[in-house]
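> Quick one, fold the following:
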Amino acid sequence: MDYLPEIKAKLDKASYREKGGIIRYYAGVTGKSEKTLYRMLKKQYGSPRKPRKRTTQVPDAYIDVIAKIKEISMGYGQKERELSTELAIKQAVDAGLVPPGVLTPSTVNRRIAENGFRKKKPVSRFVAEFCNQVHFFDMSRSEYISPVAYDEQADDWILKTHPKSLRYKNKEGKGMSLWLAGLRDDRSGMVYFRYYMTTGENVAVGLDFFNRAWNRPTDEHPLNNPPYYLHIDNGAIGSSKEFNEAMQAIDVKKVHNKPYNKQAMGKIERMWRTLWQRFELPLISKHGPGHELRLEELNALVFDYALEDMEREAPFSRLSKRVMFERDLMAHPPRRFDVDLSFLASWPERRKVRNDLTFSYRGEIYSAPERYYGKYIIVRENRQGDIIGRGEDDGILFEITPFRPQTYGDYRGFKDTYRDKLQKEIAAGVMRMKPREEKITVKSDFTAPAAETVMSDSEARLYIARQLNLESYAEVAELFDPLLTERRDKESIDRVINVVKSRAV
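Residues are numbered from 1 along each chain as shown. Okay, here's the model as predicted:
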């Protein structure tokens, strides 16, 4: 029995997995079975203490509050940084979201890990069926090239390589930066880039870029046609009504990516890293900081980079991007449009036509057709300043002209309204209630509508000359020839003849 204290001391120090081996060893030494040794230890020292189950005292709601604070902090700034658990707890306590003294950093870290805070969401990959089906667009600031000055004589910007991206303030004090617009074909991975000097992402830059990317003259770069779908974020360009009108006009469907989902734009975001590593970084590494170049020169260099890049392998294929793109163009012919996108981009605005057949638009007064009196119309003005109107109810397009008041003595009459007719009857002392009548539909060959009388060309010309008492039809040929090419029925000809007679009087 003297060996029991020794066994008990070793069991207390051993881990759970080692205890079985200790019992087996002493069972062989003492010649007793393992069960006998367990009974002897239990009799002398009692039952082994079971591990106490951990009880959850902190509610899940408190843990969720800290997790939300940390998640929100990771969305600030260009790079993802997480607020420390200690500061997140302090912020929640100060805001009164959790009571003080309940949470500790170790408890919170363990609980949010158990809830899957660190677990990454699975992603699924997709690729377009053919080239020019889906394009991705995005804009980003240059990482290693910054503006220095504007050359008015050359009408071009002077740039320099710089370890940090800088801003340039113009005479109005606006901060100008070097921005880069990029387009990527989803199927082949082919890219097209262009640098811009601008204060930020805006519609004017977007329209200019897509005009160049989709509608420029044929050159060495085959990416030169609009897609069926355009993936774009919900920034200044993607959320613009003007840009939306232009995309609808050329039958390109916009696809907005889900917010707070970095994987949705992963293909275009990876493109920026590749460009900075393979184009901008080698440029500053080769020439060093302070190397001067012009914006036009930089765009030529990035165009050559895109030509070199399309000789690389396409995604999920051993073919080059260029070979895959040109092969798909044979199976899926590209689309083309022959109009400037700034002509199509417009901002629709709703206006109501007043009783004088006018409406106000951006500080000016314009005229509208009589049929829209008291109704709403849709006014559109494109980026080139052209204005056009459309009826909201009938959808008919009409030309918008500035309002010009009529001269003195030149009046225009309109049909009496319902109230005008009532007032005239009251003034005349007529207040008669007409009996309700039921109309009889007469059915007879004599009341049947006569067939439309259609003349030959010579008959129509002779008829017009006689009705107008002319010596020759040639006197009014310029007026009637357009009508005779389309219609030669007597009713249409008589209608024009009556107009000519009324003007002659």
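
> So what's the gap between stretch 11-25 and the chain middle?
66 Å (C-alpha atoms, centre = their mean, to the nearest Å).

> wait, residue 369 sits on residue 399?
No - contact between residue 369 and residue 399 fails when scored by C-beta atoms under 8 Å: they sit 9.2 Å apart. Bear in mind the C-beta positions are built from the backbone N, C-alpha and C, glycine included.

> the more surrounded of these two?
Under the criterion of other C-beta atoms under 10 Å, the comparison of residue 369 against residue 399 puts residue 369 first, with 15 against 9.

> ok, residue 338 to residue 404 distance?
For residue 338, the distance to residue 404 (C-beta to C-beta, to the nearest Å) stands at 35 Å.

> okay, those two: which has more neighbours?
It is residue 404, of residue 338 and residue 404, that has more neighbours when counted by other C-beta under 10 Å, with 8 against 5.

> contacting residues around the more buried one?
Contact partners of residue 404, counting by C-beta atoms under 8 Å, 6 or more residues apart in numbering, are residue 367.

> That one in helix, strand or coil?
coil (DSSP: H, G, I helix; E, B strand; the rest coil).

> Run through the residues that contact residue 112.
63, 66, 67, 70, 118.

> Could you export those as TSV, including distance to residue 156 and neighbour count?
Converted to TSV, these look like this (distance: C-beta to C-beta, whole Å; neighbours: other C-beta atoms under 10 Å):
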residue	distance to residue 156	neighbour count
63	58	21
66	53	25
67	52	18
70	47	19
118	50	8
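
> so which of those residues would you say is closest to residue 225?
Nearest to residue 225 out of those is residue 118 (C-beta to C-beta; 44.3 Å).

> what kind of secondary structure is that closest one in?
Taking three-state DSSP, the label given to residue 118 is coil.

> so how far is residue 73 from it?
Residue 118 sits 15 Å away from residue 73 when distances are taken as C-beta to C-beta.

> same check, this time on residue 462
91 Å.

> neighbour count winner among these two?
Each of residue 462 and residue 73 has its neighbours counted (other C-beta under 10 Å); residue 73 has more, 17 against 13.

> where does that one fall, phi/psi-wise?
phi -60, psi -30 (degrees, to the nearest 10).

> wait, it sits on residue 81?
Yes - between residue 73 and residue 81 there is a contact at 7.0 Å, judged by C-beta under 8 Å.

> what's the least confident helix or strand in this protein, going by average pLDDT?
Using mean pLDDT, DSSP states H and E, strand 168-169 stands out as the lowest-scoring helix or strand of the chain, at a mean of 54.

> moving C-terminal of that one, what's the next helix or strand?
strand 175-185 (DSSP states H and E).

> which other helices and strands contact the helix or strand following that next one?
Remark: after strand 175-185, the chain's next helix or strand is strand 191-198, criterion DSSP H and E. In terms of contacts (3 or more C-beta pairs under 8 Å, 6 or more residues apart in numbering; DSSP states H and E), strand 191-198 is packed against strand 175-185, helix 203-215, helix 266-275, helix 295-309.

> Try it again at 6 Å.
Applying 3 or more C-beta pairs under 6 Å, 6 or more residues apart in numbering; DSSP states H and E, we find strand 191-198 packed against strand 175-185, helix 203-215, helix 295-309.

> how about CSV for the ones you listed, with distance to residue 469 and mean pLDDT added?
Shown next, in CSV, are the helices and strands packed on strand 191-198 (distance: least, C-beta to C-beta, whole Å; pLDDT from 0 to 100):
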stretch, distance to residue 469, mean pLDDT
strand 175-185, 70, 90
helix 203-215, 58, 92
helix 295-309, 72, 94
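
> nearest to residue 138, of the ones you listed?
Per C-beta to C-beta, nearest to residue 138 of the helices and strands packed on strand 191-198: strand 175-185, 5.9 Å.

> Any stretches of this structure with poor pLDDT?
1, 48-56, 78, 123-124, 165-174, 258-265, 406-415, 429-454, 505 (pLDDT under 70).

> Which segments of it make up each domain?
When the chain is parsed with automatic domain parsing, its domains come out as 4-45, 60-114, 134-327, 343-402, 457-504.

> is it true that residue 23 touches residue 34?
Yes - counting by C-beta atoms under 6 Å, residue 23 touches residue 34, with 5.2 Å between them.

> of the two, who's got more company?
residue 23 (19 against 13).

> now the host helix or strand of the more buried one, how far from the centre of its chain.
Element membership for residue 23, per DSSP H and E: helix 16-30. With C-alpha atoms, centre = their mean as the basis, helix 16-30 stands 71 Å off its chain's centre.

> can you check stretch 87-102 too?
40 Å.

> outside of it, which residues touch it?
62, 65, 66, 69, 70, 103 (C-beta atoms under 6 Å, 6 or more residues apart in numbering).

> how near is the second one to residue 17?
Same thing as residue 65. Relative to residue 17, and taking C-beta to C-beta, residue 65 is found at 39 Å.

> Neighbour count: these two, which is higher?
More crowded of residue 65 and residue 17, by other C-beta under 10 Å: residue 65, with 20 against 7.

> pretty sure residue 109 belongs to a strand, no?
No - Residue 109: not assigned to a strand; according to three-state DSSP it is helix.

> excluding its backbone neighbours, what's nearest it?
Distance criterion C-beta to C-beta, 6 or more residues apart in numbering; nearest residue to residue 109, sequence neighbours excluded, is residue 85 at 5.6 Å.

> Ok, residue 149 next?
Residue 149 sits nearest to residue 158 (C-beta to C-beta, 6+ apart), 4.8 Å away.

> thinking again about what came up before, in helices, which of the contacts of residue 112 fall?
Judged by DSSP state H, helices contain the following of the contacts of residue 112: 63, 66, 67, 70.

> surely the second one meets residue 109?
By that I understand residue 66. No - the pair residue 66 / residue 109 is not scored as a contact, 9.5 Å apart, by C-beta under 6 Å.

> Helix, strand, or coil at residue 499?
helix.

> how far away is it from residue 468?
11 Å.

> ok, the two, which is more surrounded?
Ranked by neighbour count (other C-beta under 10 Å), residue 499 and residue 468 place residue 468 first, with 15 against 11.

> Residue 360 sits in which helix or strand?
Short version, using DSSP H and E: residue 360 is in strand 358-361.

> any idea how far that strand is from the chain center?
30 Å.

> List the buried residues of it.
Judged by neighbour count using 16 or more other C-beta atoms under 10 Å, the buried positions of strand 358-361 are residue 359.

> Just after that strand, pick out the following helix or strand.
strand 364-367.

> who touches that next one?
So strand 364-367 is contacted by 358, 359, 400, 401, 402, 403 (C-beta under 6 Å, 6+ apart).

> That one pairs with which strands?
According to DSSP bridges, strand 364-367 has the following sheet partners: strand 358-361 (antiparallel), strand 401-402 (antiparallel).

> In CSV: the ones you listed, plus distance to residue 285.
Listed next are the strands paired with strand 364-367 as CSV, based on distance: least, C-beta to C-beta, whole Å:
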stretch, distance to residue 285
strand 358-361, 54
strand 401-402, 59
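
> sorry, back to before: other SSEs contacting the helix holding residue 23?
helix 4-13, helix 34-45.

> and of these, who's closest to residue 244?
Closest among the helices and strands packed on helix 16-30, using C-beta to C-beta: helix 4-13, at 73.5 Å.

> now the closest one: how far from the chain's centre is it?
Taking C-alpha atoms, centre = their mean, the mean C-alpha location of helix 4-13 is offset from the chain mean by 72 Å.
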